[in-house]
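Asks: Need the 3D shape of this:
(chains A and B, ligands or ions: 3)
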Amino acid sequence: MKVQLSHPERTVEIKGPKKARELLRELNLVQEAHLVIRGDELITEDELLKDGDQVEIRPVISGGSL
Amino acid sequence: MNCTKCKTKAVIDLPRHNAAFCTPCFTTYVHEQTAYAIKHQRMFGPEDRILVAVSGGKDSLALWDILLKLGYKADALYVDLGIPGYSAKSREKVERFTERVARPHGATLQIHTVQEEEGAGIKELSNLVHRPTCATCGTIKRYQFNKAAVEQEYDVMATGHNLDDEAARLLGNVLHWQEEYLDKQSPILPASVEGFAKKVKPLYRLAERELAAYAVLNKIDYIVEECPMAKGSMMLLYKEALNRLETESPGTKHRFYFGFLDKQALRQGSGQAGATAPQSMAEKDRASLHPCSTCGQPTTGAICSYCKMMARSRLSSSSARRPS
Ligand code: SF4
Ligand SMILES: [Zn+2]
Ligand SMILES: [Zn+2]
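Replies: Numbers count the residues shown, from 1 in each chain, chains lettered A, B, ... in the order given. Ligands and ions are numbered 1, 2, ... in the order given. From the prediction side, this is the model:
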């Protein structure tokens, strides 16, 4: 599956099938700081991702201050 | 995984609530948490006029969206900092959201352009006054939002600070034992004196991840990229540390920040969170503030930090122009 990552923006190829939770762990990313999006749909951590899926792992943390 | 409420397929799980939600139930959850925050902390009422500080990021656009959908009268102000490659993009997101969502609700957007009003972009300004970009940015934003709110007689100014922002700030203040800042860390700051707008944070009960999910699920197109100046900020580091703890032990951020709010309410002699908490601070403010001799906004010095900064920037830009 193609996995799109940010900071810096890049795409990596990861072998499926794999649960979203396992994908995050494999990439060493914490759940609380990310959303997993398949196509344009948000999915839960127990969802199974397959080869051929378009996946985006979107960071949700921003650092600005006001 | 199925929705805790209606048993259809869930799109997001919330370990800290031991729950998962489908899109409609999650949207309801976010609206209810915000509505509860507003009422519990007595932030504003249905007739009040609210000015939302928007940046183009998920939190502030989600806040504007939620307030409008809850039926509040909320306009917004965007400050264009003139950061190359970033400000134009974030401004476009805000303008598009205004057209698509806010205007149909009868709400309006105001734009303050730093390049035009302060005479230079934020980077150039901070070079002129020899201060970090984020400090310069903070001074300008605080000043301009407050000015707009007071001059146009908004009842309250709302910002998109979420649970992660507040917990990270608390962690930073505790690590450095900055007790004077601890006093001020509250979801509401009353209009302590004439010339200071009341400030509220209606999203303080919602985690950053929940707000990003709300934006994605409600098709709010926001700027995912960070402001380039935020790179390496301590706030990011604190958030990372807290999220590591949160992932191992869900509910950590909530317990940390809400435990603090409870203790703060107790310390200030009332069981009612929010209603009386910032009182002592308001009194302290009142005693030490007076109008800035240049612009009239309240300040503790003779001239406010904004006017001081602008004076310094004019001075160094004119000396730079003089042939040496
Ligand atoms: S990161 Fe710094 S410069 Fe960028 S918006 Fe935040 S405070 Fe302003
Ligand atoms: Zn549901
Ligand atoms: Zn002033």
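Asks: Identify all contacting residues around stretch B:4-23.
Replies: With Cβ atoms under 8 Å, 6 or more residues apart in numbering or on different chains as the test, stretch B:4-23 has contacts from A:31, A:35, A:41-46, B:1-3, B:24-26, B:29, B:207, B:210, B:213, B:217, B:246, B:250-251, B:253-254. Yep, even glycine has a C-beta here, placed from its N, CA and C like the rest.
Asks: now, which of those residues lie within helices?
Replies: Counting by DSSP state H, these place B:24-26, B:29, B:210, B:213, B:217, B:246, B:253-254 in helices.
Asks: so where do the strands sit in chain B?
Replies: Here chain B has its strands, by DSSP state E, at B:12-14, B:19-21, B:49-54, B:73-80, B:109-113, B:156-158, B:188-189, B:199-200, B:290-291, B:298-299.
Asks: Put together JSON lines for these, with mean pLDDT and mean neighbour count on each row.
Replies: Compiled in JSON lines, these are given as follows (pLDDT from 0 to 100; neighbours: other Cβ atoms under 10 Å in any protein chain shown):
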{"stretch": "strand B:12-14", "mean pLDDT": "96", "mean neighbour count": "22"}
{"stretch": "strand B:19-21", "mean pLDDT": "98", "mean neighbour count": "22"}
{"stretch": "strand B:49-54", "mean pLDDT": "98", "mean neighbour count": "25"}
{"stretch": "strand B:73-80", "mean pLDDT": "97", "mean neighbour count": "22"}
{"stretch": "strand B:109-113", "mean pLDDT": "97", "mean neighbour count": "16"}
{"stretch": "strand B:156-158", "mean pLDDT": "97", "mean neighbour count": "25"}
{"stretch": "strand B:188-189", "mean pLDDT": "92", "mean neighbour count": "21"}
{"stretch": "strand B:199-200", "mean pLDDT": "96", "mean neighbour count": "24"}
{"stretch": "strand B:290-291", "mean pLDDT": "87", "mean neighbour count": "13"}
{"stretch": "strand B:298-299", "mean pLDDT": "89", "mean neighbour count": "20"}
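Asks: how about the ones you listed, which one is nearest ligand 1?
Replies: Distances from ligand 1 to each of those were compared using Cβ to the nearest ligand atom; the minimum, 8.7 Å, belongs to strand B:73-80.
Asks: distance of the residue in the stretch 101-250 of chain B positioned nearest to ligand 3 from residue B:159?
Replies: Checking the stretch 101-250 of chain B residue by residue against ligand 3 with Cβ to the ion singles out residue B:143 as nearest, at 7.7 Å. For residue B:143, the distance to residue B:159 (Cβ to Cβ, to the nearest Å) stands at 14 Å.
Asks: next one: residue B:152
Replies: As judged by Cβ to Cβ, residue B:152 and residue B:159 stand 17 Å apart.
Asks: okay, these two: which has more neighbours?
Replies: Counting neighbours by other Cβ atoms under 10 Å in any protein chain shown for residue B:152 and for residue B:159 shows that residue B:159 has the greater number, 23 against 13.
Asks: Over to that one: give its phi and psi.
Replies: Geometry field for residue B:159 lists phi and psi as phi -120, psi 160, criterion degrees, to the nearest 10.
Asks: cool, the one 3 residues further on as well?
Replies: Note on residue B:162: backbone dihedrals following degrees, to the nearest 10 are phi -110, psi -180.
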